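predicted model and sequence below, questions to follow.
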Amino acid sequence: MAVDVILGLQWGDEGKGKIVDFLAPQYDIICRFQGGPNAGHTLKFGGKKHVLHTIPSGIFRDNLINVIGNGVVIDPITLAREIDDVLSAGVTLDSNLLVARKAHLILPTHRMLDAASEAFKGAKKIGSTLRGIGPTYMDKTGRNGLRVGDLDTPDFKAKYETLKEKHLGLLKIYPKIDFDLATEEKKWFEKIEVLKSLPRIDGEYYVNEALNAGKKVLAEGAQGSMLDIDFGTYPYVTSSNTVTAGACTGLGIAPSKIGEVIGITKAYCTRVGSGPFPTELFDDTGEKLGQLGMEFGATTGRPRRCGWLDIPQLRYTTMINGVTQLVMTKIDVLDSFEEISVSTAYETDAGRVEKLPFELGDDLKPVWSSYEGWNSSLADVKKFVELPQKALEYIEGLEKEIGIGFSMISTGPEREKLLLRN
Ligand code: GDP
Ligand code: IMO
Ligand code: MG
């Protein structure tokens with residue numbers, strides 16, 4: 001069997017959690033492969049909203065296994081809070097949430113370093129979620145990190161102290177920040193016991209053996225392709241590979257094992273944090289998208305910046321990911337717009353371009369093309385073919401521009417608000 005991958009084609013928050021939750025019953029195993037508690041994946045069913053940060057979005061479904069893969073960075077404090085939340089929502093944790101031994105640990109001092117580095121950058125700050133993501137991946141690639149498997153070694157405390165001392169040394173180069181390290185450390189060591197209560201696995205063997213046994217595996221991406229450390233709007237990115245290739249390194253599967261790649265885009269575009277966003281709107285239309293889309297970060301609560309779709313950007317991210325099917329979310333947010341614009345190219349100082357340049361600089365001006373709005377509510381549309389003609393024209397126009405078909409259209413945050421193409 002192959003591993004299908006679901007990921008975001010923009011700057012995150014495309015609705016990955018909702019789509020994974022919907023598709024989960026078709027799979028045996030759902031795996032997160034990168035990122036950490038910077039992610040906020042929202043699921044809505046039974047009139048309730050649930051936000052997951054580290055736990056895969058299959059956790060509310062029966063009879064399937066959720067794996068936190070080796071590519072994920074784990075903060076035991078956030079994870080313990082999430083575990084409490086899912087338990088109080090009625091989930092039973094009984095060997096259905098597994099953690100890869102090779103996943104790296106976020107220490108309290110990683111969060112301190114994140115905050116200090118951002119404060120030091122001032123106006124040039126990344127707008128990080130301050131969850132310690134960057135410093136943890138830096139220690140991973142710098143070969144200093146602590147992994148889940150280290151928790152079982154007798155000298156774990158000594159390893160922790162060595163890394164903490166290194167961090168305290170590094171913190172001296174930054175202006176002092178407010179952080180109650182003693183309290184956070186105490187909590188961290190308490191919550192490590194919660195992490196240790198979960199079955200720990202050699203994820204690469206687990207997933208490959210499951211595939212060989214005919215199990216169906218879905219890999220759930222976090223963030224979005226434009227936040228990828230290699231291909232995103234560097235340096236305004238996260239610190240992991242959010243693209244399909246990240247599922248291979250983040251789970252220990254060969255590229256030949258990748259099956260469907262399901263790329264999600266909103267019907268418009270958002271970004272939270274700093275960095276370029278060529279189709280961003282600073283007018284009433286942008287404001288309206290934010291209001292109707294309730295565009296506030298699921299992790300930090302920050303307002304998301306809003307704008308129209310960017311076709312060169314979507315072509316770029318579908319190319320890099322090898323997307324085989326597209327999903328559009330939040331089309332309902334456009335119900336009351338007279339006109340919907342998309343950018344089909346950029347005007348630059350060097351002329352018109354349809355490819356993403358090295359940097360998305362201020363000189364990039366979107367070349368707009370527009371679609372008529374449908375001016376009606378999609379709330380009661382139950383089938384793809386029942387979509388209003390103007391909505392179909394928008395969907396089909398985008399397919400033509402991007403070169404890949406939409407297999408699903410999401411018309412609301414609830415689990416059942418999803419139109420399947422066939
Ligand atoms: P993720 O990080 O990709 O999982 O996305 P988030 O959960 O951060 O943000 C997506 C937001 O949009 C959440 O509040 C979802 O409940 C909501 N959402 C998902 N799909 C739809 C949709 O089709 N319509 C509307 N109106 N909201 C949606
Ligand atoms: P999900 O999985 C949206 C953004 C931050 C910041 C940059 C770097 O919910 O789509 P980091 O904390 O990773 O060092 O922050 O990346 N960012 C996200 N934006 N959705 C996310 O995750 C994000 N995770 C990180 O706002 O600009
Ligand atoms: Mg999110």
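All right, it came through fine. Ligands and ions are numbered 1, 2, ... in the order given.

which secondary structure elements does the helix or strand bottoming out on mean pLDDT in the chain contact?
Least confident helix or strand, the chain: strand 351-353 with a mean of 94, by mean pLDDT, DSSP states H and E. Judged by 3 or more C-beta pairs under 8 Å, 6 or more residues apart in numbering; DSSP states H and E, the packing partners of strand 351-353 are strand 339-348. C-betas here are computed from N, CA, C, even on glycine.

for the strand it packs on, C-alpha coordinates in CSV please.
Taking C-alpha atoms only, strand 339-348 is exported to CSV below (Å, rounded to 0.1, in the frame of the first residue of the first chain):
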residue,chain,number,x,y,z
GLU,A,339,-16.7,39.9,-7.7
ILE,A,340,-13.9,37.5,-6.9
SER,A,341,-10.4,38.2,-8.1
VAL,A,342,-7.4,36.0,-8.6
SER,A,343,-3.8,36.9,-9.5
THR,A,344,-2.7,35.1,-12.7
ALA,A,345,0.8,36.6,-13.0
TYR,A,346,3.0,39.4,-11.5
GLU,A,347,4.2,42.6,-13.0
THR,A,348,7.8,43.2,-11.9
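
list the helices and strands it packs on?
If contacts are counted by 3+ C-beta pairs under 8 Å, 6+ apart, strand 339-348 sits against strand 309-310, helix 311-321, strand 351-353, strand 365-372, helix 389-402.

would you turn these into JSON lines with mean neighbour count and distance to residue 33?
Listed next are the helices and strands packed on strand 339-348 as JSON lines, based on neighbours: other C-beta atoms under 10 Å; distance: least, C-beta to C-beta, whole Å:
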{"stretch": "strand 309-310", "mean neighbour count": "26", "distance to residue 33": "26"}
{"stretch": "helix 311-321", "mean neighbour count": "21", "distance to residue 33": "13"}
{"stretch": "strand 351-353", "mean neighbour count": "11", "distance to residue 33": "32"}
{"stretch": "strand 365-372", "mean neighbour count": "15", "distance to residue 33": "32"}
{"stretch": "helix 389-402", "mean neighbour count": "17", "distance to residue 33": "24"}
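
pLDDT score for residue 349?
Confidence at residue 349, expressed as pLDDT, is 87.

apart from its neighbours in sequence, what residue is nearest it?
In space, and not counting its chain neighbours, residue 349 is closest to residue 363: 4.8 Å by C-beta to C-beta, 6 or more residues apart in numbering.

same thing with residue 106?
Leaving aside its sequence neighbours, residue 106 sits nearest to residue 75 (C-beta to C-beta, 6+ apart; 4.0 Å).

show me what contacts that neighbour?
Residue 75 is in contact with 36, 37, 54, 105, 106, 111, 131, 132, counting by C-beta atoms under 8 Å, 6 or more residues apart in numbering.

now list the buried members of those.
36, 37, 54, 105, 106, 111, 131, 132 (16 or more other C-beta atoms under 10 Å).

what helix or strand is residue 157 located in?
Element membership of residue 157 [criterion: DSSP states H and E] is helix 156-171.

for ligand 2, what is the nearest residue in the stretch 151-300 of the chain?
Closest to ligand 2 within the stretch 151-300 of the chain is residue 273: 2.1 Å, counting by C-beta to the nearest ligand atom.
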